[in-house]
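Enquirer: model the structure of this input:
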Amino acid sequence: MSGEGKSVSFKRTKRTTKSNQELLEEFKDLVYSNKKIMSHMKWYGYAHSVYMEEHGDEELETWQKEYVAIKDTFNFCISVYDSWHQDADLYESHEREDSFVSLARKFANDNALMYFPCGFTPEWYSKNEEGKYEHFKVEPDDKNIDKICNLWHRYGIMVLQAFDEEIESQLWGEARDKIKQLITI
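Expert: Next comes the predicted model:
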């Protein structure tokens, strides 16, 4: 039985007091105590069933490093069986209080972390006025990285409240344009 991974993305703030390892241990306890989330999770033992990908970890694959390229970012990850689709809202719905992502959002609030409900996409392509695709990439050492992270965080939280694809698209357009201005300065 194959499966896939689920992850939640965070960034430390100036108010975050616990180490990443302490945060991971606390998050593991939350996940392992939620029998519903555990129902579709692959079990690799306490130490490995919930794991962290963090900025600066040289052992990560190149594609994994891209998701934590920004200083102080990290992901908590789980592996799930294909059967997770039977209870997709249990992993992906912010409307459900006991879901994986709702648990992550509350965890972020409790630990002074930025939570990125849409992950943190450091690069994207978009069409310009002439219909040609342009490539945009947020560099980890960009002088405006904190402003960019704040915009991305705000965009993700607003998307949670939008509940409409047209509004989500508008929000992305606004966030994307502001971020493009910051990375081109």
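
Enquirer: mind splitting this protein into its structural domains?
Expert: The chain breaks down by automatic domain parsing into domains covering 3-116, 123-184.

Enquirer: can I get the ones you listed in JSON lines including mean neighbour count and mean pLDDT?
Expert: Heads up, the C-betas are built off the backbone N, CA and C, glycines and all. Putting the domains of the chain into JSON lines (neighbours: other C-beta atoms under 10 Å; pLDDT from 0 to 100) gives the following:
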{"stretch": "domain 3-116", "mean neighbour count": "16", "mean pLDDT": "93"}
{"stretch": "domain 123-184", "mean neighbour count": "14", "mean pLDDT": "86"}
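
Enquirer: now the strands for the chain?
Expert: Secondary structure of the chain (DSSP state E): strands at 3-12, 50-54, 73-81, 113-116, 123-127, 133-137.

Enquirer: how about those in JSON lines, adding distance to residue 27?
Expert: Below are these laid out as JSON lines (distance: least, C-beta to C-beta, whole Å):
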{"stretch": "strand 3-12", "distance to residue 27": "9"}
{"stretch": "strand 50-54", "distance to residue 27": "6"}
{"stretch": "strand 73-81", "distance to residue 27": "5"}
{"stretch": "strand 113-116", "distance to residue 27": "10"}
{"stretch": "strand 123-127", "distance to residue 27": "27"}
{"stretch": "strand 133-137", "distance to residue 27": "29"}
